[in-house]
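*Asks:* Structural data only, the sequence is not supplied:
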């Protein structure tokens, strides 16, 4: 079974679990993350290069700035700008 989430007018996917049959098992998946120096700069380059942001860049306390993109062929990749700890 393949499940996909509709994309809203801003280009973000919104998964609605109510559309999933109750007996459906989630498909296994991995989302790799890469360390970046500037998460906002990466996010700004996604659309001009043909991809879409799957998740806006957001601050995760004590972790860093995190975002997720989908490349032009549908591969998902997360990126993280870690918090610099003293």
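*Replies:* Arrived safely, thanks for sending. Because the structure is a prediction, the values reported are computed rather than measured.
*Asks:* Provide the secondary structure category for the residue lying closest to residue 55 once chain neighbours are set aside.
*Replies:* Distances taken as CB to CB, 6 or more residues apart in numbering place residue 68 nearest to residue 55, at 4.0 Å, with adjacent residues excluded. For the C-beta atoms, the positions are set from N, CA and C on the backbone; glycine is no exception. Following DSSP: H, G, I helix; E, B strand; the rest coil, residue 68 is assigned to strand.
*Asks:* List the contacts of residue 68.
*Replies:* 31, 53, 54, 55, 76, 77, 78, 79 (CB atoms under 8 Å, 6 or more residues apart in numbering).
*Asks:* Report all helices and strands that the longest strand along the chain contacts.
*Replies:* Longest strand in the chain, counting residues (DSSP state E): strand 52-60. Packing contacts for strand 52-60, counted by 3 or more CB pairs under 8 Å, 6 or more residues apart in numbering; DSSP states H and E, involve helix 39-46, strand 64-70.
*Asks:* who's the residue nearest the centre of the chain bridged to?
*Replies:* For the chain, the residue nearest the mean C-alpha position is residue 68 (2.5 Å; CA atoms, centre = their mean). On the basis of DSSP bridges, residue 68 is bridged to residue 55, residue 78.
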